[in-house]
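> Requesting a structural model of the entry that follows:
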Amino acid sequence: MTTRSKVLVIVTSIGEYEKVGYRTGLWLGELTHFWDVAEEAGLELTIASIAGGRVPIDPESLSHDFLGDLGTGNRYADRDFMNLLDKTMSVAEVDAADFDAIYLTGGHGVMFDFPQSRTLAELIAQFYEAGKIVSAVCHGPTGLLNAKIGDDEYLVKDRSVTGFTWKEEELAQRGDAVPFSLEDELRSRGARFTLAPNPFDPFVVEDGHLITGQNPNSARKVGEAVIRQLG
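Next up, the predicted model:
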């Protein structure tokens with residue numbers, strides 16, 4: 001890349017479910033797997049959260065099995081990297097003109113603040129209408145649900161997307177805890193929802209400069225797609 005492309009990474013500010021006692025937040029691997037490939041490609045990354053400030057991390061994403069996956073544990077042990085999650089800017093402070101792409105991370109926390117943020121919806125629309133890359137993984141596409149473009153149409157209408165499926169929700173034992181089915185909500189807005197043959201298989205869908213990944217295992221491939229499109 002002749003110039004250093006800039007990517008805005010959006011994370012949740014919510015650390016718990018509304019109806020049950022489970023704690024949640026950012027699924028750390030969905031940040032680190034994307035970050036690793038993007039940083040290696042020379043991209044400049046900036047993290048913003050819905051409310052700004054400290055970012056909660058889903059405790060389950062810190063289990064030994066998940067930390068050992070694709071080097072997430074190395075990032076977790078990196079003081080400088082983890083400090084980035086202590087004092088994030090808020091989405092209200094972001095100027096889309098400063099970035100070339102946006103990436104929406106997941107973790108169940110986003111289900112409780114991404115769709116509710118008009119500021120995020122407007123920011124995503126600005127990226128998309130400017131021809132910039134809009135990418136998301138797992139529950140990250142919840143941020144796309146209320147983004148509208150053009151003549152007040154949903155951004156996802158008639159576009160191919162993926163995201164965390166209801167089957168995966170059930171397998172994760174969170175069907176009774178989540179406020180809605182992401183798969184159903186995307187379809188209800190006119191999206192063409194597609195999914196991998198098997199739950200939790202890495203799976204990425206590209207529809208022009210809209211890039212979505214199905215689950216945590218897809219974060220690295222979303223990063224690779226963003227890098228390829230940025231050229």
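
> Quick check, Leu28 in contact with Gly71.
No: the criterion here is C-beta atoms under 8 Å, and Leu28 misses it with Gly71 at 11.4 Å. (Glycine included, C-beta is placed from N, CA and C.)

> Looking only at neighbour counts, state which of these two leads.
For Leu28 versus Gly71, the count of surrounding residues by other C-beta atoms under 10 Å is larger for Leu28: 27 against 13.

> Okay, that one and Asp69: tell me how far apart.
Look at Leu28 and Asp69: by C-beta to C-beta, to the nearest Å, they are 10 Å apart.

> gap between the two ends of stretch 56-72?
16 Å (C-alpha to C-alpha, to the nearest Å).

> quick one, helices of the protein?
Listed in chain order, the helices of the chain (DSSP state H) span 28-40, 64-67, 72-76, 79-83, 118-129, 166-171, 182-188, 219-230.

> Which other helices and strands does the last one contact?
Where contact means 3 or more C-beta pairs under 8 Å, 6 or more residues apart in numbering; DSSP states H and E, helix 219-230 is packed against helix 28-40, strand 101-104, strand 133-137, strand 204-207, strand 210-213.

> among the ones you listed, which is nearest Ser188?
strand 210-213 (16.3 Å; C-beta to C-beta).

> Which strands and helices lie in contact with that closest one?
Under the contact definition 3+ C-beta pairs under 8 Å, 6+ apart, strand 210-213 sits against strand 133-137, strand 204-207, helix 219-230.

> In a markdown table: these, plus distance to Arg54, mean pLDDT and mean neighbour count.
Listed next are the helices and strands packed on strand 210-213 as a markdown table, based on distance: least, C-beta to C-beta, whole Å; pLDDT from 0 to 100; neighbours: other C-beta atoms under 10 Å:
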| stretch | distance to Arg54 | mean pLDDT | mean neighbour count |
| --- | --- | --- | --- |
| strand 133-137 | 22 | 99 | 28 |
| strand 204-207 | 30 | 98 | 18 |
| helix 219-230 | 22 | 98 | 22 |
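
> Cool, thanks, signing off.
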